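Engineer: Please work out how this folds:
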Amino acid sequence: MNELRKGETAVSIGELAKEYGLTTRTLRYWEEVGIIESLQRTDGATREYTPYYFRRIKFILKLKDLGLTIKEMQDLYLAYGDAKSTERMIPRLIEILDQQIDNVDLKMARFASLRKEIVEYRQKMTRRLCDAVGNPA
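Structural biologist: All right, here's what the predicted structure looks like:
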């Protein structure tokens, strides 16, 4: 995955960033925290990535959209392991997604409660305004 296969060409960090609307700093950060890797660099050469990383970045962006943290992505990458086995990662991904579902459910309940409070307060303020100007609510 971090080595070129026959017939593949590496792309620069700038090309990869541009493809997904990211900054090169984001890709360098992801590399620093261990959720992606670049090809081995020599003599300070620029970072280059195999075509595999186009798919990997797409997956990371999907996980990010789902609300996963960098730490959770690191855990998934560790579960994926050196063997690069999706089957090893899936149980951990399901566990993390279940946690995300629970978090969303909790947030939705809080938002529903907040909405109810706002509606009640608005009704109270509407009645107060109507009483102040002498109009029935």
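Engineer: Could you identify the longest helix within this structure?
Structural biologist: Longest helix in the chain by number of residues (criterion: DSSP state H): helix 86-133.
Engineer: average model confidence for it?
Structural biologist: Mean pLDDT, helix 86-133: 92.
Engineer: cool, stretch 19-31 as well?
Structural biologist: For stretch 19-31, mean pLDDT rounds to 92.
Engineer: what's that stretch in contact with?
Structural biologist: The contact list for stretch 19-31 (Cβ atoms under 8 Å, 6 or more residues apart in numbering) reads 13-14, 16-17, 36-38, 47, 54, 57-58, 60-61. Bear in mind the C-beta positions are built from the backbone N, C-alpha and C, glycine included.
Engineer: Next step: those restricted to helices.
Structural biologist: Per DSSP H, the contacts of stretch 19-31 map to helices at 13-14, 16-17, 54, 57-58, 60-61.
Engineer: Buried ones from these, can you make that a PyMOL selection?
Structural biologist: Burial among those is assessed by 16 or more other Cβ atoms under 10 Å; the matching PyMOL selection reads:
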select buried, resi 13+16+17+57+60
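Engineer: ok, and the closest non-adjacent residue to the residue nearest the centre of the chain?
Structural biologist: Centroid-nearest residue in the chain: K64, 0.6 Å away (criterion: Cα atoms, centre = their mean). Nearest non-adjacent residue to K64, counting by Cβ to Cβ, 6 or more residues apart in numbering: M73, 7.9 Å away.
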